[in-house]
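Student: The sequence isn't on hand, but the structure is:
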């Protein structure tokens, strides 16, 4: 394997974001559910040797590394296509690069293009690769960077790793042809009809606009000393509407994928369970980028699904962080709504602190549960409501003195929540976004684009998040140039996301290896008057 190299800034591509250097990060084992890893792959990804013991390596400065910290994927990444920060390049180590010299690689238009990497070294052989891994000396006698660990591997283990590198990133990629990139968006049957149409309007107009731009491009050109790439493939969007119970969705998705292979899933919409979709994307190794769901699957050890934030789970943490000490926590939630999962998370965190938590679950109408909890409440209690806005409007007009109320902003409609007037001065709401005034300038971009496109704004958050997801995908594909590899797409997202200036509802976005939620924090807010939608934060931006 090759070590880290430095390149002159002139070689760097404009617009690339500096990512946290992957060699300093440790990624846990991530793989498609149900897909056992081969011996070489397990060593490469997880740092586990064939006999089940941990891989051990030492950097040239004597720093020891063990297990996942020593795994190749930390720096060379899951795709094998390397990484970079600024002018520091971790080179690709797929077999097509390793075992061919500079001239062969430069002239091969079928090779993935690695931004900033210049293949100016001799070709490896099986023997010289083994020597480099063990001693840190590359062909021609060049010493690899001190950041590249040296590994004392036996011949059989080296052969397993060698075989894995030779096949890494060699398969044809589903959903990619010479002329087209195929994408899907997934909609569950319980999705709101208005939000569905708003999301599809954004997706369809964005894809059409992308294809108009691509139609004006020229085909890739190459000369003997340079390659100029242009992304010329049209986008094709497939809308995968699911039906029936969640237990049937996985089978439906597999059939849709077999009929229309796609490169990635973009946006999407779900009201309650998203887990079958998440598990499908992870098992099929398909990037699932930024679906519009408030109950995401929190499994950051997975690789392919990526979300904007943790939805109601983030709200539960924000509320837990903001609850004052003392008193009981009384929760109200519907058994068939997403608040039940959030209530479970809050219950667990509060009971771990020794706080008494009393749950009031209901099915259907919330009024009976609210009557019960209000009759039991007394001064010092904290009332946590996982309710929709219609249920808030139906609350009794008066609240017992000394009871503070906390609510889910996502479920209640954010600043459009409508608790009774007497409740408002005691009403605190989880708000996992930037505040309206703070995001106003950033929102000019998606709202202005929708206005130009003639798209009615029927669900601002869903539509702006969908627009943002499309923009992020477009930029990541541009960074990839002609290197359409699914794992590489996610790696480029990690590298470039934190540099975005336009992030709509979110003050900042960022993904590091092992993270799958791009926005990490939020606020507790309160209404500033007895009427209206003006809100103010209880405290600063919080990352619980």
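Tutor: Looks like it came in fine. Remember, predicted model here, so these are calculated numbers, not experimental data.
Student: List the contacts of the helix of greatest length in the chain.
Tutor: Secondary structure assigned by DSSP state H gives helix 193-215 as the longest helix of the chain. Contact with helix 193-215 is made by 183, 185, 187, 231-237, 239, 266-267, 269, 292, 450, 453, 455-459, 462-463, 466-467, 470, 474, as judged by Cβ atoms under 8 Å, 6 or more residues apart in numbering. Every residue, glycine included, has its C-beta placed from N, CA and C.
Student: which residues of the stretch 401-544 of the chain fall in strands?
Tutor: For the stretch 401-544 of the chain, applying DSSP state E, counting those that start in this stretch gives strands covering 404-408, 427-431, 523-527, 535-537.
Student: what lines up beside the second one in the sheet?
Tutor: Just to be clear, that refers to strand 427-431. Note on strand 427-431: by DSSP bridges, its sheet partners are strand 404-408 (parallel), strand 523-527 (antiparallel).
Student: The last one now?
Tutor: Based on DSSP bridges, the pairing partners of strand 535-537 within the sheet are strand 523-527 (antiparallel).
Student: Now do the helices in the stretch 151-300 of the chain.
Tutor: For the stretch 151-300 of the chain, applying DSSP state H, counting those that start in this stretch gives helices covering 155-167, 193-215, 249-259, 275-284.
Student: helices or strands up against the shortest one?
Tutor: If contacts are counted by 3 or more Cβ pairs under 8 Å, 6 or more residues apart in numbering; DSSP states H and E, helix 275-284 sits against helix 249-259, strand 288-289, strand 305-306.
Student: same question, the first one
Tutor: Here helix 155-167 is seen to pack against helix 39-46, helix 95-98, helix 126-135 when contacts are counted using 3+ Cβ pairs under 8 Å, 6+ apart.
Student: Pass me the low-pLDDT residue ranges in this structure, would you?
Tutor: Scanning the chain for pLDDT under 70 picks out 1-36, 85-87, 101-116, 118-119, 216-231, 481.
Student: And the residue nearest the centre of it?
Tutor: Central residue of the chain (Cα atoms, centre = their mean): residue 306, 2.4 Å from the mean position.
Student: Quick check: closest non-adjacent residue to residue 480.
Tutor: residue 492 (5.5 Å; Cβ to Cβ, 6 or more residues apart in numbering).
Student: List the contacts of the one you found.
Tutor: Neighbouring residues of residue 492 by Cβ under 8 Å, 6+ apart: 476, 479-480.
Student: State the distance from it to residue 184.
Tutor: Going from residue 492 to residue 184 by Cβ to Cβ, to the nearest Å gives 20 Å.
Student: And residue 478, by the same measure?
Tutor: Counting by Cβ to Cβ, the gap between residue 478 and residue 184 amounts to 21 Å.
Student: the more surrounded of these two?
Tutor: Per other Cβ atoms under 10 Å, whichever of residue 478 and residue 184 has more neighbours is residue 184, with 25 against 14.
Student: List the beta-bridge partners for the more buried one.
Tutor: Counting by DSSP bridges, residue 184 is bridged to residue 238, residue 265.
Student: how much space between it and residue 200?
Tutor: Remark: distance between residue 184 and residue 200 (Cβ to Cβ) = 13 Å.
Student: shared neighbours, the two?
Tutor: Contact criterion Cβ under 8 Å, 6+ apart; residues shared by residue 184 and residue 200: residue 239.
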